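Undergrad: need a 3D model of the following:
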Amino acid sequence: MNTLVAQLRKRYAYAWTVLKGLVKTDFKLRYQGSFLGVAWSVVKPLLMFCVMYLVFARFLRMSDGTPTYPVVLLLGISSWQFVTDTTNVGLRALVDRGDLLRKIHFPNYIVVVSASMGALISYGINLLVVLLFAVVNRVQFTWRVVLLPLNFVELYCITIGWTLIMATMYVYFRDIAHIWDVFSQLLFYATPIIYPLSYVFQRGGIYARLGSLELLNPWAQTIQDIRHNFIAQTQPTIWTQFSNWGIRLIPLIITAFILWLGIFVFRKYEKHFAEVM
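TA: Here you go, the predicted structure:
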């Protein structure tokens, strides 16, 4: 028993060492050769925020009517940036690290997880910027901020689960990258990030019903929860729009299923990765 425990500790210590090395390398290479370097992790969502705010809030007049809307918009963009960074880098991670996987023996999933860790670091930096904007805009924080870790865990679980599925498929079918580019754009506009969900509900009719369906999307539900618990208690969430617990749990069930499916598919096919690549 002691020997087994020692072997497990040694194995996980080795995996942790490899993971830290890959995360450090990936994060450095991501901004290598650029003038601003790691500052791009903040500048990129800020630039996107400026464009979206001018187009949707100023030109198209889409706003939730609160003074905190710019911060809400920035938080949504930063959260979605984490999703796209993880999936876009993660789905190619196995192929990009193919030579390393063939030469050094370590768990294959570490390559995909390391891509998500780099995106998570950038997300953490962006959240600090959002916090600064929130303080400047005099956001009234509530006890709900203690729920944020649960929201972040859910966002990570749905994203890493989906990334594991796509990374596995990308080893066999390179077309997955192009399909995901299109699908991610569709998903972006189907998630209330650049427009307030309250604006959709105010239009009533079929728009309100579509807005309710949006909350069944785990990414939409999680990002809305993050906004609601962090800075904007007026943001509609699945918990405020539905009283039926069966409906409320749908996004959580989808998240758990995709995470399980991602792990299952990855573990089933990982022994053939080296041969295919």
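
Undergrad: what about the stretch 1-150 of the chain, any weak spots by pLDDT?
TA: 1-19, 21, 26-42, 44-45, 52-53, 55-66, 98-106 (pLDDT under 70).

Undergrad: which non-adjacent residue is nearest L74?
TA: With sequence-adjacent residues excluded and distances taken as CB to CB, 6 or more residues apart in numbering, L74 is closest to F49, at 4.8 Å. Backbone N, C-alpha and C define where each C-beta goes, glycine included.

Undergrad: contact partners for that neighbour?
TA: P70, L73, L74, I77 (CB atoms under 8 Å, 6 or more residues apart in numbering).

Undergrad: same thing with T255?
TA: Taking CB under 8 Å, 6+ apart, one finds E154, C157, I158, G161, P218, T222 in contact with T255.

Undergrad: need the buried ones from these selected in ChimeraX.
TA: To isolate the buried members of the contacts of T255 in ChimeraX, using 16 or more other CB atoms under 10 Å:
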select :154,157,158,161,218,222
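
Undergrad: pLDDT and distance to V111 added to the contacts of T255, as a markdown table?
TA: A markdown table is the format used below for these (pLDDT from 0 to 100; distance: CB to CB, whole Å):
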| residue | pLDDT | distance to V111 |
| --- | --- | --- |
| E154 | 95 | 23 |
| C157 | 95 | 18 |
| I158 | 95 | 20 |
| G161 | 95 | 16 |
| P218 | 93 | 24 |
| T222 | 94 | 25 |
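
Undergrad: among the contacts of T255, which two are most distant?
TA: G161 and T222 (12.6 Å; CB to CB).

Undergrad: which of the helices or strands spans the most centrally placed residue in the chain?
TA: Centroid check for the chain by CA atoms, centre = their mean gives V83 as the closest residue, at 2.8 Å. V83 belongs to helix 69-96 when elements are defined using DSSP states H and E.

Undergrad: need the helices for this structure, in chain order.
TA: 2-30, 40-52, 69-96, 98-103, 109-136, 148-172, 175-189, 197-202, 205-214, 218-230, 238-241, 245-248, 250-269, 273-276 (DSSP state H).

Undergrad: the ones you listed: which one's closest to T142?
TA: Nearest of the helices of the chain (CB to CB): helix 218-230, 8.1 Å.

Undergrad: give me the contacts around that closest one.
TA: Here helix 218-230 has contacts from 72, 75-76, 79-80, 83, 130, 134, 141, 144-145, 147-148, 151-152, 154-155, 158-159, 187, 190-193, 197, 214-215, 235-240, 251-252, 254-255, 258, using CB under 8 Å, 6+ apart.
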